[in-house]
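Engineer: I'll drop the sequence and a predicted model, then ask my questions.
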There are 2 protein chains.
Amino acid sequence: MVATAATLAFFPAAPLPLHSGAKPSTKPAGGGLWTLRACSIPSKSAASGSLQVEGNVQTPRKISGIALGLSSAREIVKNDEETSSPPWMAFISQLPDWSMLHTAITMIFSAAEKQWMMFNRKRKGHGVLIDPLGSGRSVQDSLVFRQKFSINSYETGPHGTIFIETMINHSLEAGLNQLKSIGLLDDGFGSTPEMSKRNLIWVVTQHQIVVDRYPKWGDVVQVDIWLSPLGKNAMQRGWLYRDLKTSEILARASSMWVMMHKHSRILSKFPDEVRQELEPHYVSAPPVDRRKLPKLGDNTAEYIRGGLTPRLSDLDVNQHVNNVKYIGWILESVPLQLMESNELSGITVEYKRECGMGNVLQSLTTVSAASVIGERIECLHLLRLDDGTEVVRARTEWQPKHAKSSGKLGAESA
Amino acid sequence: MVATAATLAFFPAAPLPLHSGAKPSTKPAGGGLWTLRACSIPSKSAASGSLQVEGNVQTPRKISGIALGLSSAREIVKNDEETSSPPWMAFISQLPDWSMLHTAITMIFSAAEKQWMMFNRKRKGHGVLIDPLGSGRSVQDSLVFRQKFSINSYETGPHGTIFIETMINHSLEAGLNQLKSIGLLDDGFGSTPEMSKRNLIWVVTQHQIVVDRYPKWGDVVQVDIWLSPLGKNAMQRGWLYRDLKTSEILARASSMWVMMHKHSRILSKFPDEVRQELEPHYVSAPPVDRRKLPKLGDNTAEYIRGGLTPRLSDLDVNQHVNNVKYIGWILESVPLQLMESNELSGITVEYKRECGMGNVLQSLTTVSAASVIGERIECLHLLRLDDGTEVVRARTEWQPKHAKSSGKLGAESA
């Protein structure tokens, strides 16, 4: 268990139960859907609690603070955000003897200019500011990108909280801004310069999220996101979702990305030149739980909802349905009764093929009796075209709404 | 035409053509859908170019600057946003003779403290900061609320720009924050304290928007929003949508609001106590163009699309379909060919009744031959339940995509 210390940097080393109130899992490590092994971060120097960078040439780089455990991470957030007394107060208190006025003037200007510079630096943060409103910046030697988002009223749903889709959207925005901050964004779709030369684009193949609490209108959240290699021909993004005010971790997640040719829509290997672009920015992490999700069919699905069609607002710049929109369709076949008394606490989505305008989909769901662990409910899902072609497989986990206030992940992990 | 000067504060006094490149309308003032008369702002002291506040008791208050015409408004925006040289540079340049060091020290501290206070004030803006990230504040004696929004990647659609729904969403968020900033927000739905006592909530009955240009990912927009009375039992919100960097006006719009009992869902008159809460914050403005939109039927609609059902993510906190979501359904019956070669440049939406989960809707559209003015196309729309019950009437206007870059409203109106 060399990895344990470093693993604790972001996630408990043991298979992660969905919520803190859960009993410790008796399953072997990695055997459960919700272990999110992908997000534990091992390190050769794990005993020091540091995060390592994987690269062919560079010596693994440490990123300070963020690898020191959740309580430390929380302190870092607070230190980054808090504002001190005006530099002028400190400036005045540093005033030397009145008898040495000439020297004093020089010192005053020097000290005050220093204070000014410090204050200005604090305003801008310690990393590279990337967006026009200054809500995002790279931190930890540009290995992690951190962005704040205000939760707007129109992003909240019938329960007054945001949807899981909004969390994913925030991570996608932060992910694009990370690439911009490290100089690897060549277009609006996230392609690096070497990818653009070859007409390659990113395609997400999986999202995996565990949610402990959904924020509401007026809250401010903070996304920390980083890149990791995943075999030779895939990339993984890990991200944490925090309440900025309390530093409580609201969700932890990962996504898998591969490359596709823009015109032929055929998947591509990672060209060496692209790998060389990305490697200096990688944080090493083991892959996510990649057990195959079982395929549902007419015989195994309990609920089927057909006639689902994309709306114009579901399309992305590639004229295909935005990957996040499928989640809404998945939920279309979940029994209303289940959704009314439970809250979605986790989801794994695997993308099989693209859809566009003109496609008609069916949403299939089964609530597996075997997966009812304690009060939690697990569902399996399939989205398919009318001709049976698979589009998306998914697994969701639900917990009773009354359990919402118990067991915050952040508190438990601290 | 006393109102002309003040009208220019926000909108041209003459019936507003959709785009600057248009020939002057020959229709009588107010006779066209797109005149947006509602948004012109008359004033008793119009000659002075000031905006007036309507109230029973108070003397009409002027709000400076913003009523001085679009070019002035643009300067105000720039003045608000630009950052000057560090106060320390000015501070150093103000240094008096070295021979008067004692006095100098006092002056230095005095001047520097003043600079600090000025800088601090500039950081916070001139009004009341309202949101945690400091992107919104009340300005112009709290008569106008101004909020900035970064355009995120996930808000852009197949053309790389945002949807008209996002603009409306931004205005709704800014509208709620305005109520918060003036101390009238009693809950998350916008009810004032006196409304909450009576279980009254706001219901929007109309949106009317003219768009000149849609922003794209990475742009920052600024919404200016204000309240106006509309008869005895309605309220109007006017808003401007600007590109923060260039101050170009991207869209101008208004919405109409009435009150409804939370439980009985019956419309209510404005209680005197609520009127008294609102009046001090009103900016006087004539009503929007309220000509009735014609009702489409099976005989008049050219395109009908049925089987439209709400998704979970379409619902608001009242468990009804969010008013903005209907726009997506309206567009479902617009011919794809029209949408591919044209851009939505304006919309009027009238809400007739609420919908929830379980409702199935039909979307009807007709492209009126008589409404093809030059290259512009006008469509009429109806959303109805399967049993024929009306839900929404709408009118849209479209312009060819190649005309996008011509005739910016902001430039024209300056």
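Structural biologist: Good, I have the coordinates. Quantities reported herein were computed from a predicted structural model and do not represent experimental measurements.
Engineer: does A:Asp386 really touch A:Ile304, like I thought?
Structural biologist: No: at 11.7 Å, A:Asp386 does not count as touching A:Ile304 under the criterion of CB atoms under 8 Å. In short, each C-beta sits where N, CA and C put it, glycine included.
Engineer: More neighbours: those two, which one.
Structural biologist: A:Ile304 (15 against 12; other CB atoms under 10 Å in any protein chain shown).
Engineer: Tell me what the more buried one is bridged to.
Structural biologist: A:Leu364 (DSSP bridges).
Engineer: likewise A:Leu344?
Structural biologist: A:Trp398.
Engineer: By mean pLDDT, which helix or strand of chain A comes out lowest?
Structural biologist: When each helix and strand of chain A is scored by mean pLDDT, DSSP states H and E, helix A:4-7 comes last, with a mean of 30.
Engineer: pretty sure A:Asp224 is in contact with A:Ser247, am I right?
Structural biologist: No: the criterion here is CB under 8 Å, and A:Asp224 misses it with A:Ser247 at 11.1 Å.
Engineer: Stretch A:192-204: end-to-end distance?
Structural biologist: One end of stretch A:192-204 sits 15 Å from the other (CA to CA, to the nearest Å).
Engineer: what does stretch A:195-203 give?
Structural biologist: OK, stretch A:195-203 end separation, CA to CA: 12 Å.
Engineer: can you give me phi and psi for A:Ser153?
Structural biologist: A:Ser153 adopts backbone torsions of phi -60, psi -40, taken as degrees, to the nearest 10.
Engineer: Just give me the neighbour total for the closest residue to it other than its chain neighbours.
Structural biologist: Once flanking residues are discounted, A:Ser153 sits nearest to A:Trp217: 4.8 Å by CB to CB, 6 or more residues apart in numbering or on different chains. Per other CB under 10 Å, the neighbour tally for A:Trp217 reads 19.
Engineer: which phi and psi does A:Trp217 have?
Structural biologist: The phi/psi pair for A:Trp217 (degrees, to the nearest 10) is phi -50, psi 130.
Engineer: Please name the residues that touch it.
Structural biologist: By CB atoms under 8 Å, 6 or more residues apart in numbering or on different chains, A:Trp217 lies in contact with A:Ile151, A:Asn152, A:Ser153, A:Glu155, A:Thr156, A:Gly160, B:Gly188.
Engineer: Kindly recompute the last result at 10 Å.
Structural biologist: With contact set as CB atoms under 10 Å, 6 or more residues apart in numbering or on different chains, A:Trp217 has these partners: A:150-156, A:160-162, B:173, B:176, B:188-189, B:317.
Engineer: Mark which of those are part of strands, please.
Structural biologist: Of the positions in the contacts of A:Trp217, A:Ser150 sit in strands, assigned by DSSP state E.
Engineer: Selection in PyMOL covering whichever of the contacts of A:Trp217 are buried, please.
Structural biologist: In PyMOL, a selection of the buried entries from these looks like this (16 or more other CB atoms under 10 Å in any protein chain shown):
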select buried, (chain A and resi 150+151+152+153+154+155+156+161+162) or (chain B and resi 173+176+189+317)
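Engineer: With adjacent residues omitted, what lies nearest to A:Val203?
Structural biologist: Spatial nearest neighbour of A:Val203, chain neighbours left out: A:Met260 (4.6 Å); criterion: CB to CB, 6+ apart.
Engineer: now A:Leu184
Structural biologist: Using CB to CB, 6+ apart, the nearest residue to A:Leu184 is A:Thr192, at 4.5 Å.
Engineer: ok, now how distant is that neighbour from A:Leu176?
Structural biologist: To A:Leu176, A:Thr192 is 12 Å away according to CB to CB, to the nearest Å.
Engineer: any residues in contact with both of the two?
Structural biologist: Common contacts of A:Thr192 and A:Leu176 (CB under 10 Å, 6+ apart): A:Leu185, A:Trp202.
Engineer: Isn't A:Trp257 up against A:Trp202?
Structural biologist: Yes: here A:Trp257 lies in contact with A:Trp202, judged by CB atoms under 10 Å, at a distance of 5.1 Å.
Engineer: Confirm A:Glu279 sits in a strand?
Structural biologist: No: with DSSP: H, G, I helix; E, B strand; the rest coil as the criterion, A:Glu279 is helix rather than part of a strand.
Engineer: per-residue confidence at it?
Structural biologist: On pLDDT, A:Glu279 comes in at 95.
Engineer: was I right about it contacting A:Pro229?
Structural biologist: Yes: contact criterion CB under 10 Å: A:Glu279 and A:Pro229 qualify, at 7.5 Å.
Engineer: neighbour count winner among these two?
Structural biologist: Neighbour comparison, A:Glu279 and A:Pro229: the larger count goes to A:Pro229, with 20 against 16 (by other CB under 10 Å).
Engineer: Wait, A:Leu364 touches A:Tyr303, no?
Structural biologist: Yes: in this structure, A:Leu364 is within contact of A:Tyr303 by CB under 10 Å, at 7.1 Å.
Engineer: any residues in contact with both of the two?
Structural biologist: Common neighbours of A:Leu364 and A:Tyr303 are listed as A:Ser333, A:His381 (criterion: CB under 10 Å, 6+ apart).
Engineer: More neighbours: which of those two?
Structural biologist: More crowded of A:Leu364 and A:Tyr303, by other CB under 10 Å: A:Leu364, with 23 against 16.
Engineer: any chance you could map the helices in chain A?
Structural biologist: A:4-7, A:70-81, A:87-93, A:101-124, A:164-181, A:193-197, A:272-278, A:326-332, A:336-341, A:409-413 (DSSP state H).
Engineer: I'd like to know which of the ones you listed has the weakest mean confidence.
Structural biologist: Minimum mean pLDDT among the helices of chain A: helix A:4-7, a mean of 30.
Engineer: what bits of the stretch 151-300 of chain A have low per-residue confidence?
Structural biologist: Along the stretch 151-300 of chain A, the parts satisfying pLDDT under 70 run over A:286-290.
Engineer: Give me every residue in it lying close to chain B.
Structural biologist: The interface of the stretch 151-300 of chain A toward chain B, taken as CB under 10 Å from any CB of the partner chain, is made up of A:151-161, A:163-166, A:168-177, A:180, A:188-190, A:216-220, A:244-245.
Engineer: quick one, what contacts A:Ile182?
Structural biologist: Shown in contact with A:Ile182 (CB under 10 Å, 6+ apart): A:Val128, A:Ile130, A:Ser138, A:Ser142, A:Leu143, A:Phe145, A:Thr192, A:Leu227, A:Glu277, A:Leu278, A:Pro280, A:His281.
Engineer: Same check on A:Arg305?
Structural biologist: A:Trp329, A:Leu331, A:Glu332, A:Ser333, A:Val334, A:Leu361, A:Gln362, A:Ser363, A:Leu364, A:Thr365, B:Thr309.
Engineer: so what's it closest to, chain neighbours aside?
Structural biologist: Distances taken as CB to CB, 6+ apart put A:Ser333 closest to A:Arg305, at 4.2 Å, once the chain neighbours are dropped.
Engineer: For A:Pro310, see how far away the one you found is.
Structural biologist: Taking CB to CB as the measure, A:Ser333 falls 17 Å from A:Pro310.
Engineer: In this structure A:Val139 contacts A:Arg146, no?
Structural biologist: Yes: counting by CB under 10 Å, A:Val139 touches A:Arg146, with 5.1 Å between them.
Engineer: Just want to know which of those two has more residues nearby.
Structural biologist: Using other CB under 10 Å, the more surrounded residue of A:Val139 and A:Arg146 is A:Arg146, with 26 against 22.
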